[in-house]
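Peer 1: Have a look; sequence and predicted model below, questions after that.
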Amino acid sequence: MPEPITEQGQRVLSLWQGSWIAAFAVGVVVWGLIIWACVFHRKRAQQKRYEELPPQVRYNLPIEILYSVLPFIMIAVFFYFTARDQDYLNDMKAKPDVTVKVEGFQWSWRFTTETQGKTVTVVGRPGQDPQLVLPSGGKNIRFNLESPDVIHSFWVPAFLFKRDVIPGVHNSFQLKTLDKNGVFAGRCAELCGTDHARMLFTVKLVPPGEFDQYIQSQAGRAQ
């Protein structure tokens, strides 16, 4: 998976890794039991002579309870951590440092960034993918998603998170950036029509001071 550039992305990565570790551990136990049953409960030569079956286990209440309770406990643990992290990802109580209005349309994006009473708008054009500039270093970024036409999906792989952009529905989410500067690819993750593949963009994380200079120089101008 991509290296996360937000605190929320780190939480998603931890959940993903923990789930794989737990799944592998369960797999090892199951494989071990299958091999054990095949090796130690196969018909022996003496049993084959008299057409006897190995000792059969049936109506064993303790085993049946174990087989019922253990999966329930495992599912409950998975559910707890998933629900906990889902609540964390959906939490928008912190005051945003930057608010971005994301408009997905056929076949590009419009980003309207508001901070410190100033506004910068970036619109994608044919042959020119839009770039969303954001501050790094622990800044809270709120995204408000809208679409005037069909369903799109705002996806930055380095966020380890995506959310649909639906006509008539105002979806929102909030992220806290890490101190990781760079340019990161983004795209529409919902098949939205003929030129869906053109709906590309980039997110550029810069130090807060550089971001402030960018806002000062571009405020009020549409790019």
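Peer 2: Okay, I see it. Numbers count the residues shown, from 1 in each chain.
Peer 1: Can you tell me which helices and strands the helix or strand encompassing Phe79 packs against?
Peer 2: For Phe79, the host element (DSSP states H and E) is helix 61-90. On a contact count with 3 or more CB pairs under 8 Å, 6 or more residues apart in numbering; DSSP states H and E, helix 61-90 meets helix 7-40. C-beta: built from backbone N, CA, C; applies to glycine.
Peer 1: how far away is the residue nearest to Gly193 when sequence neighbours are not counted from Leu70?
Peer 2: Nearest residue to Gly193, sequence neighbours excluded (CB to CB, 6 or more residues apart in numbering): Gln106, at 5.7 Å. Distance, Gln106 to Leu70, by CB to CB, to the nearest Å: 50 Å.
Peer 1: Also Thr82?
Peer 2: Thr82 is 19 Å from Leu70, by CB to CB.
Peer 1: Equivalent analysis for Ala197, please.
Peer 2: Ala197 is 46 Å from Leu70, by CB to CB.
Peer 1: What residues does Ala76 make contact with?
Peer 2: Applying CB atoms under 8 Å, 6 or more residues apart in numbering to Ala76 gives no contacts.
Peer 1: Surely the residue nearest to Gly193 and Ser147 touch.
Peer 2: No. Gln106 lies out of contact with Ser147 (CB atoms under 8 Å); the separation is 9.2 Å.
Peer 1: about what we covered before: pick out whichever of Gln106 and Leu70 has more residues nearby.
Peer 2: Gln106 (17 against 12; other CB atoms under 10 Å).
Peer 1: what sits against the more buried one?
Peer 2: Gln106 makes contact with Asp149, Val150, Cys192, Gly193, Asp195, according to CB under 8 Å, 6+ apart.
Peer 1: Need the nearest residue in space to Ala156, chain neighbours excluded.
Peer 2: Slight slip there: residue 156 is Val, not Ala. Using CB to CB, 6+ apart, the closest residue to Val156 is Gly186 (4.2 Å).
Peer 1: Would you confirm that Phe111 contacts Val122?
Peer 2: Yes. Using CB under 8 Å, Phe111 makes contact with Val122 at a distance of 4.7 Å.
Peer 1: overlap in contacts of those two?
Peer 2: Residues touching both Phe111 and Val122 by CB under 8 Å, 6+ apart: Pro130, Leu132.
Peer 1: okay, the two: which has more neighbours?
Peer 2: Phe111 (22 against 19).
Peer 1: does the more buried one have beta-bridge partners, and which?
Peer 2: In this entry, Phe111 is beta-bridged to Val102, Val122, by DSSP bridges.
Peer 1: Report pLDDT for it.
Peer 2: For Phe111, the model assigns a pLDDT of 97.
Peer 1: same deal with Ala45?
Peer 2: pLDDT for Ala45: 57.
Peer 1: and Leu191, what element?
Peer 2: With DSSP H and E as the criterion, Leu191 is inside neither a helix nor a strand.
Peer 1: Show me how the chain divides into domains.
Peer 2: 7-90, 98-218 (automatic domain parsing).
Peer 1: Out of the ones you listed, which gets the lowest mean score?
Peer 2: When I compare the domains of the chain, domain 7-90 is least confident, with a mean of 86.
Peer 1: ok, so what distance separates the residue lying closest to Val26 once chain neighbours are set aside from Ala23?
Peer 2: Spatial nearest neighbour of Val26, excluding adjacent residues (CB to CB, 6+ apart): Met74 at 7.1 Å. For Met74, the distance to Ala23 (CB to CB) stands at 10 Å.
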